[in-house]
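Asker: coords please:
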Amino acid sequence: MSRNYLINSIYRATEGEGIQLGTPQVFVRFQGCAIGCINCDSMDTWAFEGEKMALIDVWDKIWSESLEGKIKRVSITGGDPLHPSHEPQVLELVKYLKERGWYINIEAAGTRVVDSIFDNIDFISFDFKTPSTGVKTRIQNLVKLISQYPNKYQIKSVIADKVDFDATVEAYNSVMAQLDLESTQPVPWVLTPCYETHEDFPMERFTQVQDMNISAGSMFRVIGQQHKWIYGAEKKRV
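Answerer: Purely as a prediction, here's the structure:
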């Protein structure tokens, strides 16, 4: 069996951010990302090099970390699991897990909507990249995601300052206009206050993001990164 899965780590942890906050699951973190967010907290996952595993070895590690199936939920993350070089392996893994009745979430960077994978999973966490990341998200990607995958996604934005917040509001309004949605049809869009690895809990930034959201009409949910509160911003695999 070929060893073609480039894996950073496979570990059990509780979801630390977004609307599934607090949910135990097994994280499968792919190694390799070409997106290049300035404020990325996982730069060790960027290089397309490292340990390669066969599908059966990936499964054995998932099974072990899941306490032999007590936690039948997997979050596929990275790196960038939707990079074209990872796509065949991710699709193979998704189908393998679904055949065994597992719930699957994917952490998507917002650069691509990959129908072959998204059609087969249970939940999509999709980024809208704010100016502080140095990366841009195409509005059409958000429109396509919302149109094709209702009730199985969230959009996340990391907010460092008012520039990030204003860019997110602009994107939200653009999406709502293109989809002709009313404010009574809320989009599950989460604001995550930026939490740098070198700083203590960013209380002031957190309250500012909450206040900006309320002042703008409360169109978003503000959810912090719980794992960083508990373990510190530099701790990995939590």
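
Asker: Which of the helices or strands spans Arg12?
Answerer: strand 5-14 (DSSP states H and E).

Asker: quick one: average pLDDT of whichever helix or strand comes after that strand?
Answerer: Next in sequence after strand 5-14, counting helices and strands by DSSP H and E, comes strand 24-30. Averaging pLDDT along strand 24-30 yields 98.

Asker: low-confidence ranges in this protein?
Answerer: For the chain, applying pLDDT under 70 flags the ranges 1-2, 181-185.

Asker: hey, where'd the strands end up in it?
Answerer: Taking DSSP state E to define them, one finds strands in the chain at 5-14, 24-30, 52-53, 73-77, 103-108, 123-127, 153-159, 189-193, 221-222.

Asker: Ok, which of those strands comes nearest Gly134?
Answerer: strand 153-159 (11.6 Å; Cβ to Cβ). Where C-beta positions appear, they are placed from N, C-alpha and C, glycine not excepted.

Asker: tell me which residues in the closest one are buried?
Answerer: Across strand 153-159, burial judged by 16 or more other Cβ atoms under 10 Å covers 153-159.

Asker: Likewise for stretch 49-60?
Answerer: With burial defined by 16+ other Cβ under 10 Å, the residues of stretch 49-60 counted as buried are 53, 55, 57-59.

Asker: Outside of stretch 35-54 itself, list whatever touches it.
Answerer: Residues outside stretch 35-54 that contact it (Cβ atoms under 8 Å, 6 or more residues apart in numbering): 1-8, 29-34, 61, 78-80, 85, 109, 111, 129, 132-135, 158, 160, 194-197, 233, 236.

Asker: quick one: contacts for Asp161?
Answerer: By Cβ under 8 Å, 6+ apart, Asp161 lies in contact with 132, 205.

Asker: From Glu204, how far off is it?
Answerer: 11 Å (Cβ to Cβ, to the nearest Å).

Asker: Now do the phi/psi pair for Gly134.
Answerer: phi 80, psi 10 (degrees, to the nearest 10).

Asker: Kindly report the same for Ala54.
Answerer: Residue torsions, per degrees, to the nearest 10, at Ala54 are phi -80, psi 160.

Asker: Name whatever forms a beta bridge with the residue nearest the centre of the chain.
Answerer: In the chain, the residue lying closest to the centroid (Cα atoms, centre = their mean) is Glu107, at 3.1 Å. When assigned by DSSP bridges, Glu107 has beta-bridge partners Ser125.

Asker: contacting residues around the strand holding Arg12?
Answerer: Strand 5-14 is contacted from outside by 22-32, 44-45, 48-55, 57-58, 61-62, 65-67, 71, 78-79, 85-86, 89, 93, 226-227, 236-238, using Cβ under 8 Å, 6+ apart.
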